[in-house]
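Peer 1: Below are the sequence and a predicted model; questions follow.
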Amino acid sequence: MLSPEKNERLTRVGPGTPMGDLLRRYWWPIATHDMATRVPVKRRLLGEDLVLYRDGSGTVGLLAEQCPHRRAALWLGCTERTGLRCGYHGWVFDADGRCLEQPGEPADSTFAARIRTTAYPVQELGGLVFAYLGPLPAPELPRYDLFVWDDAWRDIGHAELPCNFLQIMENSVDPYHVEWLHGRYGSFLRELDGGAPLPVVTKKHVKVAFEVFEHGILKRRVLEGHTEEDDDWKVGHPLVFPHMLRVGAAGLATFQIRVPIDDETTWHVWYQTYRPDGGAPPQTSIPTYEVPLVDERGEWLRDYVDGQDIVAWITQGRISDRSREHLGKSDLGVILLRKLYSEQMARVAAGEDPICTFREPHDVIDLPMEKDKFGPAAQFRAMWCRESSIRFSPIRDEVLDLFGDPALA
Amino acid sequence: MNFCPVCGADLRDGASFVQEFWVAQDRDFLGWCATCTTMSSVVLAPTVVGHEPEH
């Protein structure tokens, strides 16, 4: 068990909480590229209500939702050449939060110069809009490899999940769940439908290891029939602190990004890159899609790997009550992650930068990941295109063509 | 596990971390002390099993 006080500390993400203070030291995806348009939209991040827009000059802005004048929502507004005009009384704010116009005030008034609204820095990279809600100066936006490769195709799936971000992150340092949730339960569902067991994910774990390194926690595993010479152990793949899992196999590399909307809701982003040997031809735009959570009867979708994960996360409760859990030795990765968050919260409280904050400009941050995963890469790739959220991608068939993989039934 | 085995600081403070888990019959605690930054473990074992290495 974990004490209720420690659980509270690890799961509360709002302003002024220890975890909220830690997470505010990082850049967060707040939208896909196609959500930032001339039409302002409401977004919520780390318990703060915000409005995102792209003005007529192309500048993307992120402001506090409510106008400092009479508190109407700024998504009830119009984007101008520069800035966002409140729909209620016409006050205009730029992306730095300055008030540019107050049409109802006397022409010689200096009132506007003394009004500011909360504004947060935003940057676009790799088809995502990133926001920084922490103390200035902001660190560099990390240019992780998948966001910057210029010879890869991408697509971005996303969904809003009704649970705290931590239980999702813990799944990424829990290798044993793969052989049970996906290998056994997933295969059980297929058996009921007369199907064969899921390939690849049914292999038993012989040994797992976790090591804290500069990018988070590196996860290694030896599966039944494999050795320490295989990539699963020799290379492994990382939980990228504080919010991502890197997973994939040669040519298919993905991030699962867990964005805390608030204490009880998480925006989950499945960010895929497709990069065959020799590179992919240019991609004109990055498709985005919503990942459905329920079927036509309102039942949680759990007939595929990501769906099974989602249901396991959600059914732990909006915020998992860790004072009632019983951890064993197979949960050491989960324990290590909780300890790492605790350690980094203490660093922030002491005025230090936590790990994975980058202060120097850089071209790219390369992350380790297996080329062959759970066996041959092509076998994993075929399984992942069928059993992950990629099944909902509008370009799945083109992706299979890109790799020369057979079409799926 | 209420106190750090290294510096004696109270691990029930806000910043430190203590997690209970089980290994067979042993009740284990992993602790991280925010005062001295030591990570430690305490095992409440029903029996102590030892062996003498070859020499």
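Peer 2: Looks like it arrived, so ask away.
Peer 1: In contact with the residue of the stretch 1-150 of chain A found nearest chain B, which residues?
Peer 2: Taking Cβ to the nearest Cβ as the measure, the stretch 1-150 of chain A has A:Met1 as its residue closest to chain B, at 5.2 Å. Where C-beta positions appear, they are placed from N, C-alpha and C, glycine not excepted. Applying Cβ atoms under 8 Å, 6 or more residues apart in numbering or on different chains to A:Met1 gives the contacts A:Arg322, A:Ser323, A:Arg324, A:Glu325, A:His326, A:Leu327, B:Glu20.
Peer 1: Name the nearest residue to the third one, ignoring sequence neighbours.
Peer 2: Okay, so that is A:Arg324. Using Cβ to Cβ, 6 or more residues apart in numbering or on different chains and skipping residues adjacent in sequence, the residue nearest A:Arg324 is A:Met1, 6.8 Å away.
Peer 1: repeat for the first one
Peer 2: Counting by Cβ to Cβ, 6+ apart, A:Leu2 is the residue found nearest to A:Arg322 once chain neighbours are left out, at 4.0 Å.
Peer 1: Okay, the one you found and A:Leu181: tell me how far apart.
Peer 2: According to Cβ to Cβ, to the nearest Å, A:Leu2 and A:Leu181 sit 22 Å apart.
Peer 1: again, but for A:Leu128
Peer 2: Separation of A:Leu128 from A:Leu181 (Cβ to Cβ) stands at 28 Å.
Peer 1: Equivalent analysis for A:Pro135, please.
Peer 2: Distance, A:Pro135 to A:Leu181, using Cβ to Cβ: 39 Å.
Peer 1: Pull the residues that contact stretch A:334-344.
Peer 2: Contacts for stretch A:334-344 (Cβ under 8 Å, 6+ apart): A:2, A:6, A:9-10, A:19, A:22, A:166, A:169-170, A:172-174, A:210, A:212, A:216-217, A:239, A:241-242, A:327, A:354-355, B:15-17, B:19, B:21, B:30, B:32, B:34, B:37, B:39.
Peer 1: and residue 9, how many neighbours?
Peer 2: If you meant another chain, say so; for now it's chain A. Neighbour count of A:Arg9, defined by other Cβ atoms under 10 Å in any protein chain shown: 20.
Peer 1: hm, I was asking about chain B
Peer 2: Residues lying near B:Ala9 (other Cβ under 10 Å) number 16.
Peer 1: Hmm, B:Phe3 and it touching each other?
Peer 2: Yes - assessed by Cβ atoms under 8 Å, B:Ala9 is found in contact with B:Phe3 at 6.8 Å.
Peer 1: So for the two, which residues contact both of them?
Peer 2: By Cβ under 8 Å, 6+ apart, no residue touches both B:Ala9 and B:Phe3.
Peer 1: one step back: looking at A:Leu128 and A:Leu181, which one has more neighbours?
Peer 2: Taking other Cβ under 10 Å, A:Leu128 and A:Leu181 do not tie; A:Leu128 has more neighbours (26 against 19).
Peer 1: Tell me the bridge partners for the more buried one.
Peer 2: In this structure, A:Leu128 bridges to A:Thr32, A:Leu125 when assessed by DSSP bridges.
Peer 1: Which residues are in contact with it?
Peer 2: Contacts of A:Leu128 (Cβ under 8 Å, 6+ apart): A:Pro29, A:Ala31, A:Thr32, A:His33, A:Phe147, A:Ile156, A:Val269, A:Tyr271.
Peer 1: how near is it to A:Pro281?
Peer 2: From A:Leu128 to A:Pro281 the distance is 22 Å (Cβ to Cβ).
Peer 1: So the residue nearest to A:Lys373 when sequence neighbours are not counted versus A:Asn164, what's the distance?
Peer 2: Spatial nearest neighbour of A:Lys373, chain neighbours left out: A:Ala249 (4.0 Å); criterion: Cβ to Cβ, 6+ apart. Distance of A:Ala249 to A:Asn164, given as Cβ to Cβ: 30 Å.
Peer 1: Please apply the same query to A:Ser323.
Peer 2: Using Cβ to Cβ, we find A:Ser323 at a distance of 14 Å from A:Asn164.
Peer 1: Now the terminal residues of stretch A:343-361, how far apart.
Peer 2: Stretch A:343-361 has its terminal residues 26 Å apart, counting by Cα to Cα, to the nearest Å.
Peer 1: Also stretch A:399-408?
Peer 2: For stretch A:399-408, the first-to-last residue distance is 11 Å (Cα to Cα).
Peer 1: Just give me the neighbour total for A:Ile390.
Peer 2: Residues near A:Ile390, counting by other Cβ under 10 Å, number 25.
Peer 1: what do you get for A:Arg184?
Peer 2: A:Arg184: 13 surrounding residues under other Cβ under 10 Å.
Peer 1: Checking my notes, it in a helix, right?
Peer 2: Yes - counting by DSSP: H, G, I helix; E, B strand; the rest coil, A:Arg184 is located in a helix.
Peer 1: does it really touch A:Val201, like I thought?
Peer 2: No - counting by Cβ under 8 Å, A:Arg184 stays clear of A:Val201, with 9.4 Å between them.
Peer 1: what residues are up against A:Pro242?
Peer 2: Contact partners of A:Pro242, counting by Cβ under 8 Å, 6+ apart, are A:Leu22, A:Leu23, A:Tyr26, A:Met169, A:Gly216, A:Tyr341, A:Gln344, A:Pro354, A:Cys356.
Peer 1: before we move on, the earlier item: which pLDDT value does the model give the residue nearest to A:Lys373?
Peer 2: We have a pLDDT of 86 for A:Ala249.
Peer 1: ok, A:Arg297 to A:Asn164 distance?
Peer 2: Applying Cβ to Cβ to A:Arg297 and A:Asn164 gives a distance of 27 Å.
Peer 1: which of the two has more neighbours?
Peer 2: Taking other Cβ under 10 Å, A:Arg297 and A:Asn164 do not tie; A:Asn164 has more neighbours (26 against 5).
Peer 1: Touching, the more buried one and A:Thr266? I think so.
Peer 2: Yes - using Cβ under 8 Å, A:Asn164 is in contact with A:Thr266, at 6.8 Å.
Peer 1: Name the residues contacting each of those two.
Peer 2: The contact lists of A:Asn164 and A:Thr266 share A:Pro260, where a contact means Cβ under 8 Å, 6+ apart.
Peer 1: Do me a favour and get the backbone dihedrals for the residue nearest to A:Arg322.
Peer 2: For A:Leu2, the backbone dihedrals (degrees, to the nearest 10) come out as phi -120, psi 140.
Peer 1: what about it, how many neighbours?
Peer 2: Neighbour count of A:Leu2, defined by other Cβ under 10 Å: 23.
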